[in-house]
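**Student:** Predicted model and sequence follow; I will ask about them next.
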Amino acid sequence: MADAMDIMQVATSGAAAVVAEMAKATWEPCRRAIARLFGRGGQEAAERDLQVVDEARARLTQSAESERESVAEELRQALFIQLAAFLQKYPEAAEELQQLVDGSDSADEAMRSRTSVHHNTNSQVVISGGSLHAGGDIAYRAPGGAA
C-alpha cells in the first residue's frame, strides 16, 4: 500500500511539473524526458501517450490568458490520471518521473536565483517568482516628464 501511495504522490507532482513546463521555452527537454519515460511501454504505446501530452500542451498554449489557469488545472488532473495509470503498469518508472520533477524544481529555482538588476537609477523594477497581483494604480512618470 505504501508503494501505491508513493506512486500517487509521484504522479501528482509529475502532472503538476509537466503542465508547468508546457508553457515554458524549456518544453522540449521536458518532452524528450517524458518520451523516454513512456518508452518503457513500447514504441506504439509511447507514441499514443506522448500524443496525449502534445495535445494537452497545444490546448494550454492556445487557450486565452483569462482561461489559462482553469485549463492548466484540468490538464493537471488528466495528466495525473495518465501518469498514475502508467506508473501502475511500470512502477519502476516512478524514480525517473521523480527525477524529472526534481529537475523541473531545480531549474525553476536556478532561474529565480539568477535574476539581477543593475544600473536602474530613477527606474522601477518588478521581479516576481510567480504570479503578481498589484492592487491600486501603478504609475510611472519619466524623469522630467509631466505628472
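**Tutor:** Structure's in. What do you need?

**Student:** contacts and neighbour counts: CA atoms only from here.
**Tutor:** OK.

**Student:** Only the buried residues of the helix or strand in which residue 87 is found, if you could.
**Tutor:** Residue 87 belongs to helix 68-89 when assigned by DSSP states H and E. Neighbour-count burial for helix 68-89, counted by 16 or more other Cα atoms under 10 Å, picks out 68, 71-72, 75-84, 86-87.

**Student:** quick one: contacts of stretch 58-72?
**Tutor:** Contacts with stretch 58-72, where a contact means Cα atoms under 8 Å, 6 or more residues apart in numbering, come from 19, 22, 23.

**Student:** Can you tell me which of these is closest to residue 7?
**Tutor:** Distances from the contacts of stretch 58-72 to residue 7 were compared by Cα to Cα; the smallest belongs to residue 19, at 18.0 Å.

**Student:** Quickly find the element holding that closest one.
**Tutor:** Secondary structure here is read from DSSP H and E; on that basis residue 19 sits in helix 2-22.

**Student:** Check which helices and strands the very next helix or strand once past that helix is in contact with.
**Tutor:** Where DSSP H and E defines the elements, the next helix or strand beyond helix 2-22 is helix 27-38. In terms of contact count using 3 or more Cα pairs under 8 Å, 6 or more residues apart in numbering; DSSP states H and E, helix 27-38 is assigned the packing partners helix 2-22, helix 43-62, helix 94-113.
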